[in-house]
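Novice: Need a 3D model of the sequence below.
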Amino acid sequence: MSLAIIWLIPCSGAGGADRDFAMYANVGLSNSISPDRFNNFWGMGPSFGFESGFKFGPQITLGFFFEYDNFNMMEDKILQDAGLADSNLVFSGSDARFLVYGFSARWYLMKGRKGSSPYLMTGFAMVNIKKSNPRIGIAPNEQYLSNWGWSDLEELIFLGGGYDIRLSEIVYFFADVKMNIIYTDFETTQFALFRLGVALH
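Specialist: Next up, the predicted model:
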């Protein structure tokens, strides 16, 4: 589950009823889906990000976002899959880290957004992928393997939806789900974000 906090701040000179500048900050958890080796060997991990953008009318918000997602390697499953679960071999580290930056759009379905409202979201981004340095060996003589470095930029699209619940004049609570798909020359990688948060708009 990914916890997100959204700040929608009025532009200079805008009145209380017309706020058209948006800022977003989020933290939470992301979950691996596919391919199978990603889903089987990397579990849920922390995620956070930042976004800023503009409102176009009462229902549309467009923005630019940065996001960091971490997926924790499940070392026991890797050793078990390799038939080494009962050995003295130690293998740890090699979490997968995603840096994502791109453009997003939100569409609030209830005109005027004066009360609670469901919304849809989509976007396009670029992503760098890196694995942290794994440690392998027979305890206590484990050694760190070399840093694998960041991957080349890959393309990512996402789709999602959620619900905005009004708490006060400008404060909203929301929950949403975001499905991410990374395209490469060889395969697609999918992961999900589950988010809760607070919005000001």
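Novice: For the rest of this, base every contact and every neighbour count on C-alpha atoms.
Specialist: Fine.
Novice: can you give me the strands for this protein?
Specialist: With DSSP state E as the criterion, the chain has strands at 2-9, 21-34, 45-56, 60-71, 89-92, 96-108, 117-131, 135-138, 143-144, 154-166, 171-183, 188-200.
Novice: Any chance of these in CSV with mean neighbour count as columns?
Specialist: Compiled in CSV, the strands of the chain are given as follows (neighbours: other C-alpha atoms under 10 Å):
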stretch, mean neighbour count
strand 2-9, 21
strand 21-34, 21
strand 45-56, 19
strand 60-71, 20
strand 89-92, 18
strand 96-108, 19
strand 117-131, 19
strand 135-138, 14
strand 143-144, 14
strand 154-166, 18
strand 171-183, 19
strand 188-200, 20
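Novice: These into JSON lines, with extra columns for mean pLDDT?
Specialist: Below are those laid out as JSON lines (pLDDT from 0 to 100):
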{"stretch": "strand 2-9", "mean pLDDT": "40"}
{"stretch": "strand 21-34", "mean pLDDT": "84"}
{"stretch": "strand 45-56", "mean pLDDT": "87"}
{"stretch": "strand 60-71", "mean pLDDT": "92"}
{"stretch": "strand 89-92", "mean pLDDT": "62"}
{"stretch": "strand 96-108", "mean pLDDT": "92"}
{"stretch": "strand 117-131", "mean pLDDT": "90"}
{"stretch": "strand 135-138", "mean pLDDT": "58"}
{"stretch": "strand 143-144", "mean pLDDT": "50"}
{"stretch": "strand 154-166", "mean pLDDT": "91"}
{"stretch": "strand 171-183", "mean pLDDT": "87"}
{"stretch": "strand 188-200", "mean pLDDT": "86"}
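Novice: what does stretch 42-49 rub up against?
Specialist: Outside stretch 42-49, the residues that touch it by C-alpha atoms under 8 Å, 6 or more residues apart in numbering are 2, 4, 24-32, 65-74, 95-96.
Novice: give me that answer again for 6 Å
Specialist: For stretch 42-49, contacts defined as C-alpha atoms under 6 Å, 6 or more residues apart in numbering pick out 25-31, 66-74.
Novice: what do you get for stretch 181-193?
Specialist: With contact meaning C-alpha under 6 Å, 6+ apart, stretch 181-193 is reached by 2, 30-35, 155-157, 177-180.
Novice: between the residues you listed, which is closest to Lys131?
Specialist: Nearest to Lys131 among the contacts of stretch 181-193: Ser32, at 14.4 Å, using C-alpha to C-alpha.
Novice: wait, the closest one sits on Asn39?
Specialist: Yes: counting by C-alpha atoms under 6 Å, Ser32 does reach Asn39; the two are 5.1 Å apart.
Novice: Name the nearest residue to Gly104, ignoring sequence neighbours.
Specialist: No Gly there; residue 104 is Ser. Counting by C-alpha to C-alpha, 6 or more residues apart in numbering, Ser104 lies nearest to Gly123, which is 4.1 Å off, once chain neighbours are set aside.
Novice: List the contacts of the one you found.
Specialist: Taking C-alpha under 6 Å, 6+ apart as the criterion, Gly123 is in contact with 103-105, 157-158.
Novice: can you rerun that using 8 Å?
Specialist: Here Gly123 is in contact with 102-105, 157-159 (C-alpha under 8 Å, 6+ apart).
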